[in-house]
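Engineer: compute the structure for the input listed below.
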Amino acid sequence: MGTVTISLTEVKKSLGEVVNRAAYGGERIVLASRGKPKAALISIEDLKLLESLVSEQALRRARRREALAEADTLREVILARRGGVPLPDSVEDLRQLREERIRDIAPDLR
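Structural biologist: Predicted coordinates for the structure are as follows:
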């Protein structure tokens, strides 16, 4: 299964043959006009694969959006429970803990 570039002029002369090469030969055919790629001719199997990949990608995006929405909701709930006081930045907390640990383990390194 390879990719071949064919000019539109050539395709016009032998459309049936070119379609069969894509459909039964598994070739992916790039249709070019004046040397520039314009479109592609692929088999139905390739089209189904492409469509399933696009569907999976859309599903992953939707799941990420749902997870972000849940995180935003959780953040709002926590903020409300804390009376509007935001949680401390965990990255900064981790940095401080790491520095304390380094001081405890190897005080001479600092």
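Engineer: now do the buried residues in the helix or strand in which Asp72 is found.
Structural biologist: Per DSSP states H and E: Asp72 is located in helix 44-81. For helix 44-81, a neighbour-count test (16 or more other C-beta atoms under 10 Å) marks Asp46 as buried. The way it works is simple: take the backbone N, C-alpha and C, and place the C-beta from them, glycine included.
Engineer: how distant is that helix from the center of its chain?
Structural biologist: 11 Å (C-alpha atoms, centre = their mean, to the nearest Å).
Engineer: next SSE downstream of it?
Structural biologist: Criterion used, DSSP H and E; the element after helix 44-81 is helix 90-105.
Engineer: averaged pLDDT, the helix holding Asp72. What do you get?
Structural biologist: Taken as a whole, helix 44-81 has an average pLDDT of 94.
Engineer: which neighbouring elements make contact with that helix?
Structural biologist: Judged by 3 or more C-beta pairs under 8 Å, 6 or more residues apart in numbering; DSSP states H and E, helix 44-81 has no packing partners among the helices and strands.
Engineer: try 10 Å
Structural biologist: Applying 3 or more C-beta pairs under 10 Å, 6 or more residues apart in numbering; DSSP states H and E, one finds that helix 44-81 makes contact with helix 15-23.
Engineer: can I see the domain layout of this protein?
Structural biologist: The chain resolves into domains spanning 3-42, 44-88 when parsed by automatic domain parsing.
Engineer: tell me the buried residues in the shortest one?
Structural biologist: By 16+ other C-beta under 10 Å, the buried positions in domain 3-42 come out as 6, 11, 18, 21-22, 27-29, 31-32, 41-42.
Engineer: filter the residues you listed down to the ones in strands?
Structural biologist: Counted as lying in strands by DSSP state E, out of the buried residues of domain 3-42, are 6, 28-29, 31-32, 41.
Engineer: many thanks, have a good one.
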